[in-house]
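Novice: Using only what follows, build the 3D model:
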Amino acid sequence: MEQLTLGTLIAVWEEMFGATLFWAMVVVAAVITVLYLYVLIRDRAMSMRKFLLAQLSMPVGAVAAVGFVLTITNSSLSDMGGPIDWLVLLGIAAAGAVGFAILVYVAQSLIRGAQSD
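Specialist: Numbering: from 1, shown residues only. Below is the predicted model of the structure:
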């Protein structure tokens, strides 16, 4: 692998997760992003109460993301070999935490509607 391109990354992720699961995750992420933008435009402001509850849910998202990746890759924490493995795992946890917080914020906003704090 001479160059790291988007095509190479997509091929690696498709190999790792399987093409169907990978593209399903891409579609779900895109839908949640569009809904998040819709909620922000509709409400014209972020609700700090919803934002706080979304932040409190972040550890759940981090653990779920790490567990998901370890399950999909047939790995365990004892398979972590060096510092780069732990850094990648922390990156996965951070992405899962942020993604889950956005999902929780969107879900609250769609269920409860626009509220003033």
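Novice: hey, let's count contacts and neighbours off CA atoms from now on
Specialist: Noted.
Novice: Break down this protein into its helices, ranges please.
Specialist: 6-17, 19-43, 48-56, 58-72, 83-112 (DSSP state H).
Novice: per-residue confidence at Ser116?
Specialist: Looking at Ser116, its pLDDT is 55.
Novice: ok, now Met1?
Specialist: pLDDT, read off for Met1, is 60.
Novice: residue contacts, the closest residue to Ser57 other than its chain neighbours?
Specialist: Leaving aside its chain neighbours, Ser57 sits nearest to Ala101 (6.2 Å; criterion: C-alpha to C-alpha, 6 or more residues apart in numbering). Taking C-alpha atoms under 8 Å, 6 or more residues apart in numbering as the contact definition, Ala101 lies against Ala54, Gln55, Ser57, Met58, Gly61.
Novice: just curious, which of those is nearest to Gly96?
Specialist: Gly61 (4.9 Å; C-alpha to C-alpha).
Novice: What separation do you get for that closest one and Tyr38?
Specialist: Going from Gly61 to Tyr38 by C-alpha to C-alpha, to the nearest Å gives 22 Å.
Novice: Trp86 now?
Specialist: According to C-alpha to C-alpha, Trp86 stands 35 Å off from Tyr38.
Novice: Can I get the lowest-mean-pLDDT helix or strand in the chain as PDB, trimmed to CA atoms?
Specialist: Here the helix or strand of the chain ranked lowest by mean pLDDT, DSSP states H and E is helix 6-17, holding a mean of 90. Presented in PDB, the C-alpha positions along helix 6-17 are these (Å, rounded to 0.1, in the frame of the first residue of the first chain):
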ATOM      1  CA  LEU A   6     -10.300   7.100   0.400                       C
ATOM      2  CA  GLY A   7     -10.800   4.100  -1.900                       C
ATOM      3  CA  THR A   8      -8.200   2.200   0.100                       C
ATOM      4  CA  LEU A   9      -9.900   3.000   3.400                       C
ATOM      5  CA  ILE A  10     -13.300   2.000   2.000                       C
ATOM      6  CA  ALA A  11     -11.900  -1.300   0.800                       C
ATOM      7  CA  VAL A  12     -10.400  -2.000   4.200                       C
ATOM      8  CA  TRP A  13     -13.600  -1.200   6.000                       C
ATOM      9  CA  GLU A  14     -15.700  -3.300   3.600                       C
ATOM     10  CA  GLU A  15     -13.300  -6.200   4.200                       C
ATOM     11  CA  MET A  16     -13.400  -5.700   8.000                       C
ATOM     12  CA  PHE A  17     -17.200  -5.200   8.400                       C
END
